[in-house]
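**Q** model the following, please.
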Amino acid sequence: MKFDLVRDDPKSSARAGIMHTAHGDIPTPIFMPVGTAGSVKAVHQRELREDIDAKIILGNTYHLYLRPGLEILQAAGGLHGFNGWERPLLTDSGGFQVFSLAENRKIKEEGCTFRSHIDGSKHLFTPERVMDIQRVIGADIIMAFDECAPGESDYRYAKKSMELTHRWLDRCVQRFGETEPLYGYEQCLFPIVQGCKYADLRRQSAEYIASKGADGNAIGGLAVGEPTEVMYEMIEVVNAILPKDRPRYLMGVGTPTNILEGIERGVDMFDCVMPTRNGRNGLLFTAHGTINIKNKKWEDCFEPIDPEGRAECDRVYTLAYLHHLIKAEEILGLQICSIHNLAFYLWLVRTAREHIIEGDYCEWKSRLLPELEKRL
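**A** Predicted coordinates for the structure are as follows:
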């Protein structure tokens, strides 16, 4: 993978770039819709391509490993062949999901033993195994196996966890170098910075990760319960160290405001379940504030969902109709809300990129943020 920097913002650390992968180019900053089990919930591939114009989507190693399983995925030619997505894919390592199973997993030096949330069967993820699984899934970008320490971890645990993540990274790098891609195109490995909310640990981790010379680097373990101000501080600490000529991926973040603040601090890639999960619960993001479509005030509002029409559904359907669908628990309502929110998130990062290139990102962001925080 190659990363070209197109423009640095003159008043912040924001930057516009292009990531070149085997399945296409990705302009940055970019938001990546989350397709946990090989599908972005309630959204067709056609809509991802045409309405949303997603340049890259995610799959999850833990979920895909358990179902449909590696035999099926390899027979299909990897996840690209299995789900018909022809653009770039990223897979996270499954670490966050495994470590979320607090009652059903055990961490040790070798790796992490856990029980499936589906049938209770016992499994072991090691750094080597996770590399092998992601080779089979076949994503363009794969993530190192790390431990995501809880946000409230004390210093001692956070340090121990970070050091384990570094040792696991060394094993990931070795295994990745010993193996070949399975489907005729190159994959790249991103290490993950950890260190919880402690600035000195974040610096140590960023320095260790930067020393690996990877094609890109990720920042993990944020937006897990720490105050927002702390998250922003840790991003600044880490991005002061991570190499400028490689993409930086802030994992699992976040709200539209979080994304704009992350971009200002030098982040290039984002993912989050928020646009689809909140959408399925009737919350719409717009450039003028958020809408709870369940509220009665929308019952007889026959205006388009979004007059600016970032997706076809925004122009075709009214707020009153969407209110009816959500109240009636019609599946179409979940689909429309998900498409709208993803289209908005992709509009947000595209527009941020335009303003970085124009040189007025900070001014644009300052005008937009108060609007985003409104409740309509």
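
**Q** quick one: the helices in the stretch 1-150 of the chain, in order.
**A** With helices called from DSSP state H, counting those that start in this stretch, the stretch 1-150 of the chain shows them at 45-50, 61-66, 70-76, 79-83, 95-100, 127-137.

**Q** could those helices go into JSON lines alongside mean pLDDT, mean neighbour count and distance to Val267?
**A** Backbone N, C-alpha and C define where each C-beta goes, glycine included. Formatted as JSON lines, the helices of the stretch 1-150 of the chain follow (pLDDT from 0 to 100; neighbours: other C-beta atoms under 10 Å; distance: least, C-beta to C-beta, whole Å):
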{"stretch": "helix 45-50", "mean pLDDT": "95", "mean neighbour count": "16", "distance to Val267": "22"}
{"stretch": "helix 61-66", "mean pLDDT": "95", "mean neighbour count": "23", "distance to Val267": "22"}
{"stretch": "helix 70-76", "mean pLDDT": "98", "mean neighbour count": "15", "distance to Val267": "30"}
{"stretch": "helix 79-83", "mean pLDDT": "98", "mean neighbour count": "20", "distance to Val267": "25"}
{"stretch": "helix 95-100", "mean pLDDT": "71", "mean neighbour count": "21", "distance to Val267": "18"}
{"stretch": "helix 127-137", "mean pLDDT": "98", "mean neighbour count": "23", "distance to Val267": "23"}
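
**Q** looking at those, which is closest to Glu236?
**A** Evaluated with C-beta to C-beta, those place helix 95-100 nearest to Glu236, the distance being 22.7 Å.

**Q** still on that earlier bit, looking at the helices of the stretch 1-150 of the chain, which is nearest to Glu233?
**A** With C-beta to C-beta as the criterion, Glu233 lies closest to helix 95-100 of the helices of the stretch 1-150 of the chain, at 21.5 Å.

**Q** could you pull up the residues touching Lys212?
**A** Residues in contact with Lys212 (C-beta atoms under 8 Å, 6 or more residues apart in numbering) are Leu169, Val173, Pro191.

**Q** same thing with Ile141?
**A** Ile141 touches Met1, Thr21, Ile56, Pro88, Leu89, Leu90, Thr91, Gln187, Cys188, Phe190, Asp215, Gly216, counting by C-beta under 8 Å, 6+ apart.

**Q** sorry, back to before: nearest to Tyr183, of the helices of the stretch 1-150 of the chain?
**A** Nearest to Tyr183 among these is helix 79-83 (7.5 Å), distances taken as C-beta to C-beta.

**Q** which parts of stretch 266-274 are buried?
**A** For stretch 266-274, a neighbour-count test (16 or more other C-beta atoms under 10 Å) marks Gly266, Val267, Asp268, Met269, Phe270, Asp271, Cys272, Met274 as buried.

**Q** in helices only, show me those.
**A** In helices, defined here by DSSP state H, the members of these are Met274.

**Q** in CSV: the buried residues of stretch 266-274, plus distance to Asn104 and pLDDT.
**A** Listed next are those as CSV, based on distance: C-beta to C-beta, whole Å; pLDDT from 0 to 100:
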residue, distance to Asn104, pLDDT
Gly266, 37, 98
Val267, 32, 98
Asp268, 34, 98
Met269, 30, 98
Phe270, 29, 98
Asp271, 25, 97
Cys272, 25, 96
Met274, 26, 96
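
**Q** make CSV out of the buried residues of stretch 266-274 and add distance to Leu342.
**A** Output for the buried residues of stretch 266-274, formatted as CSV (distance: C-beta to C-beta, whole Å):
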residue, distance to Leu342
Gly266, 24
Val267, 19
Asp268, 19
Met269, 16
Phe270, 12
Asp271, 11
Cys272, 11
Met274, 10
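
**Q** which among the buried residues of stretch 266-274 gets closest to Pro33?
**A** Among those, and counting by C-beta to C-beta, the member closest to Pro33 is Asp271, at 7.6 Å.

**Q** excluding its backbone neighbours, what's nearest the closest one?
**A** Among residues not flanking Asp271 along the chain, Met32 sits closest, at 4.3 Å (C-beta to C-beta, 6 or more residues apart in numbering).

**Q** for Ser338, see how far away that neighbour is.
**A** The gap separating Met32 from Ser338 is 15 Å, by C-beta to C-beta, to the nearest Å.

**Q** just Val238 next, same as before
**A** For Val238, the distance to Ser338 (C-beta to C-beta) stands at 31 Å.

**Q** now do Gly59
**A** For Gly59, the distance to Ser338 equals 17 Å [C-beta to C-beta].

**Q** skipping adjacent residues, who's closest to Ile26 in space?
**A** In space, and not counting its chain neighbours, Ile26 is closest to Met19: 4.2 Å by C-beta to C-beta, 6+ apart.

**Q** hmm, I was thinking of Thr286
**A** Leaving out its chain neighbours, the residue that sits closest to Thr286 by C-beta to C-beta, 6+ apart is Asp306, at 6.0 Å.

**Q** re the thing from before, need the contacts of Lys212 in CSV (columns: distance to Gly120 and pLDDT).
**A** CSV is the format used below for the contacts of Lys212 (distance: C-beta to C-beta, whole Å; pLDDT from 0 to 100):
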residue, distance to Gly120, pLDDT
Leu169, 30, 98
Val173, 33, 98
Pro191, 32, 98
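
**Q** out of these, who has the most neighbours?
**A** The most crowded member of these is Pro191, carrying 29 neighbours; neighbours defined as other C-beta atoms under 10 Å.

**Q** what ranges do the strands span in the stretch 201-350 of the chain?
**A** 217-219, 248-250, 269-271, 283-286, 289-292 (DSSP state E, counting those that start in this stretch).
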